[in-house]
Structures are given as C-alpha cells and as structure tokens.
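Peer 1: Have a look at this prediction, sequence included:
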Amino acid sequence: MKKAYAIIIRNGLILLVRRPGMPVWDLPGGDLLPNENEREGIRRLIKEQLSFDSRIEDLIGIYTKEFRDEITYVYKVQETVSQSRMESQDYVAFNFFDLHNLPLNVYPERHRQIRDYKTGRYPVRLRFKTNKWVFKFTNFIKEKRK
C-alpha cells in the first residue's frame, strides 16, 4: 500500500489535520490509488481533501514499516495561490501550528517526518521498527475479527 503526505508551510507555520474519530493531529494526505504516481497522488489528495491547488517542491522522505507492505512518501508542498481558502469534508479540524511548538498528540511517525523536514537534510530513507510480538498480536486480533 502506498501513501503520501504533505508538509504545507504558511508563514512559518505547519498545517496539521484531524480525521473523524481520531484524537491525534496528522499531516494532510492518505492512501494513493493503485498505479498512481506519488507526486500526482499528493496533488490530487490536497485538491480533494482541502480544496486548493498545490505545487510539489521537494521529497522529504520515503518511509517504510518493518513487517508491513506499506510505503509512505512525504513531500514539501506549496500552495499555488498564497493564503488559499481551505474547506474539507474529510477532516474535522485543520490548523496551522508553530514548527517548534507542535501539539503533544501528533502521530509519532509524523513527528519524525516533520523533524526530518526541519533538519533540511532530505530526502531521507527510513524504516520504522515494529516490535515483532506487537505485530503478531495485532495480526491475530485482525484475523479473529474476520
């Protein structure tokens, strides 16, 4: 499964979003369509989810997860029209936060990806480690639910 997320900076602040039923902040983006290019996919997701046009600037990193068939692309994205009006049916909240004072409830993986952006040394290639027993337990629960 391929995913793409965007780091959108406006006036030195980073855009974070919250999905319905999730009490944590996340970067805008999500699942890509099968056979969809990553750059086209993140541009499509931004247009569909936040209702504004964007331009892809840099690849921040490519992230994979141990024991999972998942690859995540994170891009620095710029609004084509400065201070674009945002509307969303997909998110219950979206807000701009200070890069150096992020909320505590941000996905840990996104924290790492934002930190990689702040270092300025990108693109990054990273594999997130997963505890093997937690992974097996999670799969066991998924199998029992079916």
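Peer 2: Great, that's in hand.

Peer 1: C-alpha from now on. contacts and neighbour counts both.
Peer 2: Fine.

Peer 1: can you pull out the strands in the chain?
Peer 2: Taking DSSP state E as the criterion, the chain carries its strands at 2-10, 13-18, 29-31, 54-65, 71-79, 93-98, 124-128.

Peer 1: For residue 47, which of those is the nearest?
Peer 2: Distance to residue 47, taken as Cα to Cα, is lowest for strand 54-65 among those, at 7.6 Å.

Peer 1: could you give the angle of the closest one to strand 124-128?
Peer 2: 40 degrees (axes from the mean of the first three to the mean of the last three Cα atoms, to 10 degrees).

Peer 1: Any chance you could list what contacts stretch 15-25?
Peer 2: 7-9, 26-28, 90-97, 103, 105-107 (Cα atoms under 8 Å, 6 or more residues apart in numbering).

Peer 1: how about 7 Å then?
Peer 2: For stretch 15-25, the external contacting residues (Cα atoms under 7 Å, 6 or more residues apart in numbering) are 8-9, 26-28, 90-97, 105-107.

Peer 1: Ok, stretch 38-48 next?
Peer 2: So stretch 38-48 is in contact with 4-6, 29, 32, 52-54, 56, going by Cα under 7 Å, 6+ apart.

Peer 1: Can you select the buried ones from the residues you listed in ChimeraX?
Peer 2: With 16 or more other Cα atoms under 10 Å as the criterion, this ChimeraX line picks the buried residues out of these:
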select :4,5,6,29,32,52,54,56
